[in-house]
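Visitor: Provide a 3D model corresponding to the input given below.
(one chain, ligands or ions: 1)
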Amino acid sequence: MLDLIQHFKERAASYDQAEWVHDPGVMAVTLDFLGLAAGQRILDVGAGTGAVLAAALAACPSLGPCVAVDLSREMLAQIRDSRILTCGGDAEALPILDGFFDAVACRQSLHYVEDLDQCLREIRRVLAATGILLVGQMTPFGEADEEWWKVIVKTRQPLRRRCLTLHELLVALMRTDFVVVRIVQIRATESLNAWLERYQRSASQVEEVRRLHLEAPAAYKELHRFRHVEGDTLVDNCWTFVRAGKSLPQPKAAVYLAGGAADGAR
Ligand SMILES: C[S@@+](CC[C@H](N)C(=O)[O-])C[C@H]1O[C@@H](n2cnc3c(N)ncnc32)[C@H](O)[C@@H]1O
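Guide: You can find the predicted model right below:
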């Protein structure tokens with residue numbers, strides 16, 4: 001965990017430069033799945049620099065309390081919007097009362113937690129009975145690219161504890177009693193050069209990531225739509241969004257009155 005805290009401490013100031021953090025397509029689905037409404041209380045777990053809550057408040061200024069929880073003080077310190085309450089804490093032991101939130105957002109952080117089920121149980125605990133969880137994760141597109149994708153993302157970020165696929169995510173949500181209600185997968189384009197420049201840790205790691213892209217199987221390159229543009233390689237990533245409820249939505253109550261007496265006239 002100390003490695004992770006140090007990593008995000010070093011990345012905090014430049015973190016928002018990563019293309020995906022504010023990508024309009026990724027953000028549009030994120031907000032849609034949160035289902036913003038006046039008074040809604042939202043918790044962002046592993047909130048980082050608060051991009052999701054800032055976008056949610058821009059789209060719906062009448063939201064209720066918005067709270068950002070993260071292990072990294074430096075990431076939270078990047079949050080400038082005073083409507084967002086920041087809270088240092090671990091996703092596996094949330095410092096939050098039971099049932100307080102209407103919605104929890106969790107974007108690109110589940111691969112870092114040590115015990116995934118414990119984190120999901122904690123999220124479930126802090127949700128109200130009708131509360132929903134939005135998970136946004138980069139995943140492989142499917143079985144065809146899973147193996148190579150896992151090697152690439154693990155090389156890019158050795159501090160990851162797992163490389164979730166859609167299937168693994170759904171199994172974990174069901175194991176922890178969430179009810180999956182919507183799933184969407186979209187593409188978001190990334191520049192390999194921008195990542196290599198922004199995110200290099202060592203020359204050997206950079207070389208290995210470059211090699212893994214150059215030597216990717218043809219099927220992988222086709223699925224991820226590799227394009228070579230002015231000395232750069234553009235690659236599509238798969239973003240998976242899951243909206244899950246704490247419990248099954250209640251069917252709308254239907255009242256049937258015998259003899260059509262609903263108008264009270266008879
Ligand atoms: C890739 S960033 C994602 C930030 C943000 N969710 C977003 O979409 O921009 C992952 C964040 O998860 C945080 N994190 C990792 N493990 C955590 C844990 N166990 N508890 C709380 N935060 C954690 C990191 O400090 C980091 O800020």
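Visitor: from now on I want contacts and neighbour counts done on CA atoms only, so please keep to that.
Guide: Will do.
Visitor: how about the strands in the chain?
Guide: Using DSSP state E, the strands found in the chain span residues 42-45, 66-70, 84-88, 101-107, 127-139, 179-191, 227-229, 232-245.
Visitor: tell me the contacts of the residue nearest in space to the middle of the chain?
Guide: The centroid of the chain falls nearest to residue 107 when counting by Cα atoms, centre = their mean (1.6 Å). Taking Cα atoms under 8 Å, 6 or more residues apart in numbering, we find residue 107 in contact with 45-47, 134-137.
Visitor: need the residues you listed in CSV with pLDDT, can you?
Guide: Shown next, in CSV, are the contacts of residue 107 (pLDDT from 0 to 100):
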residue, pLDDT
45, 98
46, 98
47, 98
134, 98
135, 98
136, 98
137, 98
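Visitor: deepest-packed of the strands of the chain, please.
Guide: Mean neighbour count (mean count of other Cα atoms under 10 Å) peaks for strand 42-45 among those, with a mean of 27.
Visitor: so which elements touch it?
Guide: helix 51-59, strand 66-70, strand 101-107 (3 or more Cα pairs under 8 Å, 6 or more residues apart in numbering; DSSP states H and E).
Visitor: ok, that strand: who's next to it in the sheet?
Guide: Under the criterion DSSP bridges, strand 42-45 sits next to strand 66-70 (parallel), strand 101-107 (parallel) in its sheet.
Visitor: export those strands to CSV and tack on distance to residue 193?
Guide: As requested, the strands paired with strand 42-45 are exported to CSV (distance: least, Cα to Cα, whole Å):
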stretch, distance to residue 193
strand 66-70, 29
strand 101-107, 24
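Visitor: in a markdown table: the ones you listed, plus distance to the ligand and mean pLDDT.
Guide: Listed next are the strands paired with strand 42-45 as a markdown table, based on distance: least, Cα to the nearest ligand atom, whole Å; pLDDT from 0 to 100:
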| stretch | distance to the ligand | mean pLDDT |
| --- | --- | --- |
| strand 66-70 | 4 | 98 |
| strand 101-107 | 4 | 98 |
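Visitor: from residue 110, how far out is the residue lying closest to residue 132 once chain neighbours are set aside?
Guide: Spatial nearest neighbour of residue 132, chain neighbours left out: residue 245 (4.4 Å); criterion: Cα to Cα, 6 or more residues apart in numbering. Computed with Cα to Cα, to the nearest Å, the distance linking residue 245 and residue 110 is 17 Å.
Visitor: now for residue 56, how many residues are close by?
Guide: Around residue 56 sit 24 other residues, with neighbours defined as other Cα atoms under 10 Å.
Visitor: what of residue 126?
Guide: Counted by other Cα under 10 Å, the residues lying close to residue 126 total 22.
Visitor: show me which residues of the protein are close to the ligand?
Guide: Selection of the chain residues close to the ligand by Cα under 6 Å from any ligand atom yields 8, 21, 46-48, 51, 70-72, 75, 89-92, 106-109, 112-113.
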